[in-house]
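[1] predicted model and sequence follow; I will ask about them next.
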Amino acid sequence: MVTVQLNTHFSAIPDHRRPQGRMYDLGHLLLFSVLAVVSGATSYRKIQRFMDAHRERLNDLCRLHWKRAPAHNSIRYALHGLDAKEVEAAFRQHAAELDGDRPQRAGIAMDGKTLRGSFDHFEDRKAAQVLSALAIDTTLVLGHVWITDEDGDKNHEIPAARQLIETLGLSDRLFTLDALHTQKNN
């Protein structure tokens, strides 16, 4: 099952919590948090409510014996201490496994998006942008990379696309990209 495979990768992420604070396994906590967010949870309390409402099914799915869902404070502490690069690596490994059975001729769609709510006028911070690579025949997200824009130019997506293609080892695939990637000098 896909969720169990994903939990295997999440379990490899180093746990920053003290041994006394590990009442709930980090891999399962992260997996259930992802399921909650995919189901529409937008806060730690909503993640906790999701886990509480679906606790019996989640226990059956992962062969657990949780008597109650973790408190929203515990979820927040566990998630805030995670290394984002480790989590991204776990997702990429899982996506690579899912993508491995497909023919190499399958296309890849790449698109950059601005993350809603990431602009902060008070802190003088620009909106965050991310470039995603998706396998078009299965709608599988293969990876993301942050788009950095030092010079205010729209061409910053071009080097991000090159970086993502190289990082994921996708050089032998057919790509669909925005028209901005047709420039000859970049």
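    The structure has been received and is ready for your questions. Residues are numbered from 1 along each chain as shown.
[2] in the protein, where is pLDDT below threshold?
    Within the chain, the stretches with pLDDT under 70 are 1-4, 99-106, 117-125, 139, 148-155, 185-186.
[3] show me the contact partners of the helix ranked longest in it.
    In the chain, taking DSSP state H as the definition, the longest helix is helix 84-99. Helix 84-99 is contacted by residues 2, 5-6, 9-10, 12-14, 30, 135, 138, 140-144, 168 when judged by CB atoms under 8 Å, 6 or more residues apart in numbering. Where C-beta positions appear, they are placed from N, C-alpha and C, glycine not excepted.
[4] next structured bit after it?
    Going down the chain from helix 84-99, the next helix or strand is strand 108-114, by DSSP states H and E.
[5] from the contacts of helix 84-99, list the buried ones, please.
    6, 9-10, 13, 30, 135, 140, 142-144, 168 (16 or more other CB atoms under 10 Å).
[6] show me those that map onto helices.
    6, 9-10, 30, 168.
[7] and the two most separated of those?
    L30 and L168 (21.9 Å; CB to CB).
[8] domain map for the protein?
    The chain breaks down by automatic domain parsing into domains covering 2-84, 103-182.
[9] pick the most buried one from those domains.
    Among these, ranked by average contacts under mean count of other CB atoms under 10 Å, first place goes to domain 2-84 (a mean of 15).
[10] give me the distance from that one to the chain's centre.
    15 Å (CA atoms, centre = their mean, to the nearest Å).
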